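Asks: Predicted model and sequence below, questions to follow.
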Amino acid sequence: MSNAPPGARLAIARPDDPASKAIVVVEPKATVPALPTPGAVGHYELRLTVEKDGAPAILLRQPLATTEPSATLAAPGRVGRGQGLPVRGIGPNGEQDRVVLVRPDAPADAEGPRFFPAENVEATLEAPDQPGRYELRYVLHAPLAEHRILARRPVTVE
């Protein structure tokens, strides 16, 4: 991005969207900027834009196709109340993706013991004090796919 004009932005949009509409917009602050890609399978367009007469103007465009995201989880199937549960979660590892331990009927955005695989794919979660059935989840948080559960693993707290 060293040759980008001042005020340039990178955007991801659907190919037939106008220049003023985008799913993701990032102002590159590094030579190799990182953009969060849409979490929904589809055909998109990566765009380099600049402001022109108060509106975005597309300077360059390149096709971008996303594939179905996937994740895997590894953890023991049983853990004692309040004990440490060693967990591994591998997936898209987006900045806001998380691995969380919740009840199986909890909504996708439920809170519980968690870690962020973008920081480290392994962690030890503290098991709840309440015994019962729980579910370890890899939750994707990406544009067009906030709180999408990619993987589940049952865990019994004894």
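Replies: Received it, and whenever you're ready, just let me know what you need.
Asks: only C-alpha atoms for contact and neighbour calcs from this point on.
Replies: OK.
Asks: For residue 67, grab phi and psi.
Replies: phi -110, psi 170 (degrees, to the nearest 10).
Asks: what about the closest residue to it other than its chain neighbours, distance to residue 65?
Replies: Distances taken as C-alpha to C-alpha, 6 or more residues apart in numbering put residue 41 closest to residue 67, at 5.2 Å, once the chain neighbours are dropped. Distance of residue 41 to residue 65, given as C-alpha to C-alpha, to the nearest Å: 8 Å.
Asks: Check residue 105 too.
Replies: 33 Å.
Asks: ok, and what's touching stretch 11-26?
Replies: With contacts defined as C-alpha atoms under 8 Å, 6 or more residues apart in numbering, stretch 11-26 is touched by 9-10, 35-38, 43-49, 55-58, 63, 143-144.
Asks: Now that stretch - C-alpha only, PDB.
Replies: In PDB, the C-alpha atoms belonging to stretch 11-26 read as follows (Å, rounded to 0.1, in the frame of the first residue of the first chain):
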ATOM      1  CA  ALA A  11     -13.300  -1.800   1.100                       C
ATOM      2  CA  ILE A  12     -15.100  -5.100   0.600                       C
ATOM      3  CA  ALA A  13     -18.400  -4.900  -1.200                       C
ATOM      4  CA  ARG A  14     -20.700  -6.900  -3.400                       C
ATOM      5  CA  PRO A  15     -19.700  -6.500  -7.000                       C
ATOM      6  CA  ASP A  16     -22.900  -4.700  -8.000                       C
ATOM      7  CA  ASP A  17     -22.900  -2.400  -4.900                       C
ATOM      8  CA  PRO A  18     -22.300   1.300  -5.700                       C
ATOM      9  CA  ALA A  19     -19.000   2.900  -4.500                       C
ATOM     10  CA  SER A  20     -20.900   4.400  -1.500                       C
ATOM     11  CA  LYS A  21     -21.900   1.000  -0.100                       C
ATOM     12  CA  ALA A  22     -19.400  -1.500   1.500                       C
ATOM     13  CA  ILE A  23     -19.500  -4.300   4.000                       C
ATOM     14  CA  VAL A  24     -16.000  -3.500   5.400                       C
ATOM     15  CA  VAL A  25     -14.000  -0.300   5.100                       C
ATOM     16  CA  VAL A  26     -10.400   0.100   6.400                       C
END
